[in-house]
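>>> all I have is the shape, not the residue letters:
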C-alpha cells in the first residue's frame, strides 16, 4: 500500500513537471520501501486430483482443468468464446491486460472435459463457460469463485487448501519452474509483459530449484 501510494505521487509530480507546471520534480527523490515478495499458496498434483474427485459436473472439471493447464487469468478465461478454442491443436486465444492477444495451450484432460461440457449444453450462448441456470449467461468471476468454494466444501481433505482461480495459475507457473522451464517461457505462458514480474513472483522457487540441482549434481 505504501509503495502503491508512492508510485501515484511520483506519477502525479512527473506529469506536473512534464507540463511545466512545476520548476522541479520533487517526487523523483521518493524511494519505495523494499518488500520481501513471497510466493502465494499453490496446490500439488495430488491435491489437484483431490479437487477433481470433488467435482460433480463436467463444467466443474473443465473449469479446473482449463484454469491450471492454460495458466490464464480468470478474467481471460471467462472472456473466451467457443470460437476461440481450437480442439485439434488444443490451444485458444485470450486477451490479456491492455487487450493484448496471446495463445494459450491446454492439456488432453482439459480437452476431454471441455468437449463433454460443451456437448452437454443446450444453450446458444457463444461464451465458453456459462451459468448453470437459465438464461445461461456468461459465467462471472464471482460465479467461478463460488464454484470452487462448492467443490472445496464437499471434501474435508481439501478444506484447508486455498482454492482460488489464481491458485491454479500460480501452481502451473510453479510447476514449470520446478521442472526446469526457462523463465522466459513461463513469462510467455502467464502473459507477463515484463520478465521482472516473473522473476519477482518466482524468485524463491528458482532458488529452491537451483538448490535441488546442486544437491543432485554436485557431490
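Looks like it arrived, so ask away. Just so it is clear, the model here is predicted, and its values are computed rather than measured.
>>> use CA for all of it now, contacts and neighbours both
Will do.
>>> so how far is stretch 61-72 from its chain's centroid?
9 Å (Cα atoms, centre = their mean, to the nearest Å).
>>> what's it in contact with?
Contact with stretch 61-72 is made by 52, 55, 73-74, 77, 94, 104-107, 109-111, 113-114, 117, 165, 168-173, 189-191, as judged by Cα atoms under 8 Å, 6 or more residues apart in numbering.
>>> what is the end-to-end distance of stretch 13-33?
Using Cα to Cα, to the nearest Å, the end-to-end distance of stretch 13-33 comes to 19 Å.
>>> so what's the gap between that stretch and the chain middle?
With Cα atoms, centre = their mean, you get 35 Å for stretch 13-33.
>>> tell me which residues of it come out buried.
By neighbour count on 16 or more other Cα atoms under 10 Å, the buried set for stretch 13-33 is 13-14, 17, 25, 27.
>>> could you do stretch 58-78 as well?
For stretch 58-78, a neighbour-count test (16+ other Cα under 10 Å) marks 58-74, 76-78 as buried.
>>> quick one: the helix or strand encompassing residue 166 to chain centroid distance?
Per DSSP states H and E, residue 166 falls inside helix 165-178. Helix 165-178 sits 8 Å away from the centroid of its parent chain (Cα atoms, centre = their mean).
>>> buried set for it?
165-175, 177-178.
>>> averaged pLDDT, it. What do you get?
Helix 165-178 shows a mean pLDDT of 91.
>>> check what contacts the following helix or strand past that helix and list those residues.
Later in the chain than helix 165-178, the nearest helix or strand by DSSP H and E is helix 183-190. For helix 183-190, the external contacting residues (Cα under 8 Å, 6+ apart) are 70-72, 104, 169, 173, 176-177, 193-195, 198-199.
>>> quick check, nearest of the residues you listed to residue 135?
Closest to residue 135 out of these is residue 72 (26.1 Å), distances taken as Cα to Cα.
>>> lowest-confidence helix or strand of the protein?
Taking mean pLDDT, DSSP states H and E as the measure, the chain has helix 195-217 as its least confident helix or strand, at a mean of 67.
>>> distance check, the residue of the chain most remote from its centre against residue 90.
What lies farthest from the middle of the chain is residue 23; by Cα atoms, centre = their mean that is 43.4 Å. Computed as Cα to Cα, the residue 23 to residue 90 distance reads 57 Å.
>>> and if you look at residue 198?
Applying Cα to Cα to residue 198 and residue 90 gives a distance of 25 Å.
>>> now the most centrally placed residue in the chain: closest residue in space that isn't a chain neighbour?
Centre of the chain computed as the mean C-alpha position; nearest residue by Cα atoms, centre = their mean is residue 169, 3.3 Å away. Residue nearest to residue 169 in three dimensions, not counting chain neighbours: residue 71, with 4.4 Å by Cα to Cα, 6 or more residues apart in numbering.
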